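> Would you be able to build a 3D model of this:
(one chain, ligands or ions: 1)
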Amino acid sequence: MIVAIDGPSGAGKSTVAKAVAKKLGFSCLDTGAMYRSVAWLAVQKGVALDDDAALGELAGACRIEFVHEEGDPIPKGVFVDGNDVTAAIRTADIDRAVSPVSAAPSVREAMVGQQRRIGEAGDYVIEGRDIGTTVFPGAEVKVFLTASDEERAHRRVRQNVDRGIGSIDYDEVLEDLKRRDEHDSSRSTSPLRPADDAVRLDSTGLYIEDVIDEICAMAQRKGA
Ligand code: DC
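Numbers count the residues shown, from 1 in each chain. As a prediction, this is how the structure comes out:
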């Protein structure tokens, strides 16, 4: 079974996806981390962020691996071509680079192929922007998770403080979120939008546990 969780940055997708996967005993895939890994590689190799052909070559050839602790379906880290990029893909530089990289059609084609191969291997909760629309249009559960801009910026600042990486300036984070939303929603390939049959959940002011329980209940009604 596939549980697709799409939505804009900072809506709480990662927290919710991990908790839902744990409760259901599913694996969990963070597709944003895959686009971030390609962006990291492009920056390392000095590839121009508007060079679709060169970016596509990178994306097609790179090996993205999620590492797990034994028995834990939630990945602890991400490696790209053998380099541990778990922290490096969360910096403000990569926040900026990932928008043009993820808009490149050749990169999306390569990533969607990899995501399908991963998801087809078992029961997965997959978070991203286009999971319910493009990657797994037949997903049994589709959720489009949103929250107000201000709530999302506050959450992202708290997350960056906890992780010790990324900007902790509220105004800067808010501006960055809005810029990325605009970019993600207006690109021509797989823009951010809810699938027609997605359940829309606005988590503003809700307890995250209630959101998690609601998604688990949807999956259980589908036989999870
Ligand atoms: O979820 P995130 O903030 O880590 O995602 C990083 C970037 O990747 C974000 O700018 C949108 C893009 N992305 C995408 O285009 N499609 C996905 N399925 C996941 C992420």
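
> Please name the nearest non-neighbouring residue to residue 185.
Sequence neighbours aside, residue 192 is the residue nearest to residue 185 in space, at 4.8 Å (criterion: Cβ to Cβ, 6 or more residues apart in numbering). Every C-beta, even on glycine, is put in place using the N, C-alpha and C of the backbone.

> Same question for residue 145.
In this structure, residue 145 finds its nearest non-sequential neighbour in residue 7, 3.9 Å apart by Cβ to Cβ, 6+ apart.

> if we can go back for a sec, surely the residue nearest to residue 185 touches residue 129?
Yes - look at residue 192 against residue 129 with Cβ atoms under 8 Å: they come within range, at 4.5 Å.

> need the next SSE after the helix or strand where residue 100 lies, C-terminal direction.
Secondary structure assigned from DSSP states H and E places residue 100 in helix 92-103. Following helix 92-103 in sequence order, the next helix or strand is helix 105-119 (DSSP H and E).

> about what we covered before: what sits against the residue nearest to residue 145?
13, 129, 143-146, 192 (Cβ atoms under 8 Å, 6 or more residues apart in numbering).

> Now do the same contact list for residue 179.
Residue 179 neighbours (Cβ under 8 Å, 6+ apart): residue 99.

> Against the ligand, how distant is it?
10 Å (Cβ to the nearest ligand atom, to the nearest Å).

> let's number from 418 now, not from 1
Got it, the first residue is 418 from now on, which makes the last one we talked about residue 596.

> near the ligand, which residues of this structure show up?
Proximity of the chain to the ligand (Cβ under 6 Å from any ligand atom) is limited to residues 426, 448-449, 452-453, 515-516, 519, 545-547, 597, 601.

> switch to 5 Å and redo it
With Cβ under 5 Å from any ligand atom as the criterion, the chain meets the ligand at residues 426, 448-449, 452, 515-516, 519, 545-547, 597, 601.

> A helix includes residue 475, no?
Yes - counting by DSSP: H, G, I helix; E, B strand; the rest coil, residue 475 falls inside a helix.

> Please give me every residue in contact with the closest residue to it other than its chain neighbours.
Once flanking residues are discounted, residue 475 sits nearest to residue 458: 5.4 Å by Cβ to Cβ, 6+ apart. Contact analysis of residue 458 by Cβ under 8 Å, 6+ apart lists 464, 475, 479, 497-498.

> likewise residue 591?
Contacts for residue 591 (Cβ under 8 Å, 6+ apart) come out as 566-567, 570.
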